[in-house]
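K.L.:
Sequence below, structure please.
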Amino acid sequence: MRFNLPLFPEQASTIAGRVDALYFFLVGVSLFFTLVIFIAVVYFAVKYHHKTDEPHAPHLVADNLRLEIIWTVVPLALTLVLFFWGASVYFSMSRAPDNALEIFVVGRQWMWKFQHPDGQREINELHVPVGQPVKLVIASEDVIHSFFVPAFRVKYDAVPGRYTTVWFEATKTGRFHMFCAEYCGTLHSGMIGRVVVLEPAQYAAWLSGELQGAGTAAAATSPRAEGSAADRGFRLFQQLGCAACHLQQRQGIGPMLSGVFGSEVRLQDGRTVHADETYIRESILQPQAKITAGFQTLMPSFQGRVSEEDLLELLAYIKSIGQRQTLDARRQTP
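P.N.:
Numbers count the residues shown, from 1 in each chain. A predicted model of the protein is given here:
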């Protein structure tokens, strides 16, 4: 009888090999020094074992400058290697490539909800293309969750009240387990799913609804007629009355939003903040928290009026008008 009991999940992303290499190095260093210390303890316990008929006066030990330098420099060198190696892996995992496919993720008790740029929605199942960087913008509707795909070596918390981002690039097609790695209530163990990695042509067919059998009954896909996340965000922008103050072609009562995402915004108190996902979210739910310089505190709070999914769609729309402005500027540049 053969037993298939792998100690580690397969490597299925570009970062998985680097994470494993750092992990095994840490384990190797820990085992090495554990053995060195254990052997030294046993050796000195035997060598200097006190006998009852020997005097108790200790022997004087001469200073050994070389030994002190060695046991100071070697640990320092090892910790610096670990620091810079770990920092390199962390920075690589933190910043997604510019061409990354952005997908919105909402965690709630006890499911994962995904929203693709073209409008498709899924529950507990995520379809992505192989060889394409994928950036996840993660939020939580209730408590702290943790999005975890072992084969990708990707684990990042979904925190209520803010957005977190993580990215990966799958290197092989297939189906890979997905978990919530943070205890989030009585049904935490059931908050599981899978990532389905497809060839680019298959992924395009899945987006268009032509590929059958790529998902399961647990996955829910929205009708194409609803439009993209940015389109739904635009409709919500109009329904909430945001367009009355935030004009597109000229300055209104509120700041113009074209190109604001990713820019530096100056506040009334003189500070400058980076307009990222968390800033946009806070500006919608708590508009009095950070007032843009030159504007009054007139905007009402939308706390309780919009869901996390609504916020992500509004964010997608605000991002899209910034992208349109950039593309128009590039077209006009000779």
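
K.L.:
what about the helices in the stretch 1-150 of the chain?
P.N.:
With DSSP state H, counting those that start in this stretch applied, the stretch 1-150 of the chain shows helices at 16-47, 65-94, listed in chain order.

K.L.:
Just send these back as TSV, with mean neighbour count and distance to F8 too.
P.N.:
Bear in mind the C-beta positions are built from the backbone N, C-alpha and C, glycine included. Below are the helices of the stretch 1-150 of the chain laid out as TSV (neighbours: other Cβ atoms under 10 Å; distance: least, Cβ to Cβ, whole Å):
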stretch	mean neighbour count	distance to F8
helix 16-47	12	7
helix 65-94	11	16
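
K.L.:
So F234 sits against Y317, correct?
P.N.:
Yes: proximity of F234 to Y317 meets the contact threshold set by Cβ atoms under 8 Å, at 4.9 Å.

K.L.:
how about low-confidence regions in the stretch 201-334 of the chain?
P.N.:
210-226, 249-250, 322-334 (pLDDT under 70).

K.L.:
Which stretches in it count as strands?
P.N.:
In the stretch 201-334 of the chain, the segments counted as strands under DSSP state E, counting those that start in this stretch are 264-266, 272-274.

K.L.:
among those strands, which is nearest D157?
P.N.:
strand 272-274 (20.5 Å; Cβ to Cβ).

K.L.:
Give the pairing partners of that closest one; include direction for each.
P.N.:
Next to strand 272-274 in the sheet, as set by DSSP bridges, lie strand 264-266 (antiparallel).

K.L.:
Next, the buried residues of the strand it pairs with.
P.N.:
For strand 264-266, burial by neighbour count (16 or more other Cβ atoms under 10 Å) applies to V265.

K.L.:
for stretch 132-144, same thing?
P.N.:
For stretch 132-144, burial by neighbour count (16+ other Cβ under 10 Å) applies to P133, V134, K135, L136, V137, I138, A139, S140, E141, V143.

K.L.:
Format the strands of the stretch 201-334 of the chain as a markdown table; extra columns: distance to V196.
P.N.:
Putting these into a markdown table (distance: least, Cβ to Cβ, whole Å) gives the following:
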| stretch | distance to V196 |
| --- | --- |
| strand 264-266 | 39 |
| strand 272-274 | 34 |
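
K.L.:
of those, which approaches T165 most closely?
P.N.:
strand 272-274 (13.2 Å).

K.L.:
Where does V195 sit: helix, strand or coil?
P.N.:
With DSSP: H, G, I helix; E, B strand; the rest coil as the basis, V195 sits in strand.

K.L.:
Where does confidence bottom out across the buried residues of stretch 132-144?
P.N.:
Going through these one by one, the lowest pLDDT turns up at E141, 85.

K.L.:
so who does it touch?
P.N.:
V106, G107, R108, P160, S307, E308 (Cβ atoms under 8 Å, 6 or more residues apart in numbering).

K.L.:
let's go with 7 Å and repeat that
P.N.:
V106, R108, E308 (Cβ atoms under 7 Å, 6 or more residues apart in numbering).

K.L.:
what separates the first one from M299, distance-wise?
P.N.:
Just to be clear, that refers to V106. Distance of V106 to M299, computed by Cβ to Cβ, to the nearest Å: 24 Å.

K.L.:
Comparing those two, which residue is more hemmed in?
P.N.:
Taking other Cβ atoms under 10 Å, V106 and M299 do not tie; V106 has more neighbours (23 against 20).

K.L.:
what's the spacing between that one and D20?
P.N.:
V106 is 30 Å from D20, by Cβ to Cβ.

K.L.:
okay, now the domains of the chain?
P.N.:
What automatic domain parsing lists as the domains of the chain is 101-223, 229-332.

K.L.:
Just say which of those domains is most tucked in.
P.N.:
Using mean count of other Cβ atoms under 10 Å, the stretch among these with the largest mean neighbour count is domain 101-223, at a mean of 18.

K.L.:
how far does that one sit from the chain's center?
P.N.:
In terms of Cα atoms, centre = their mean, to the nearest Å, the centre of domain 101-223 is found 12 Å from the chain centre.
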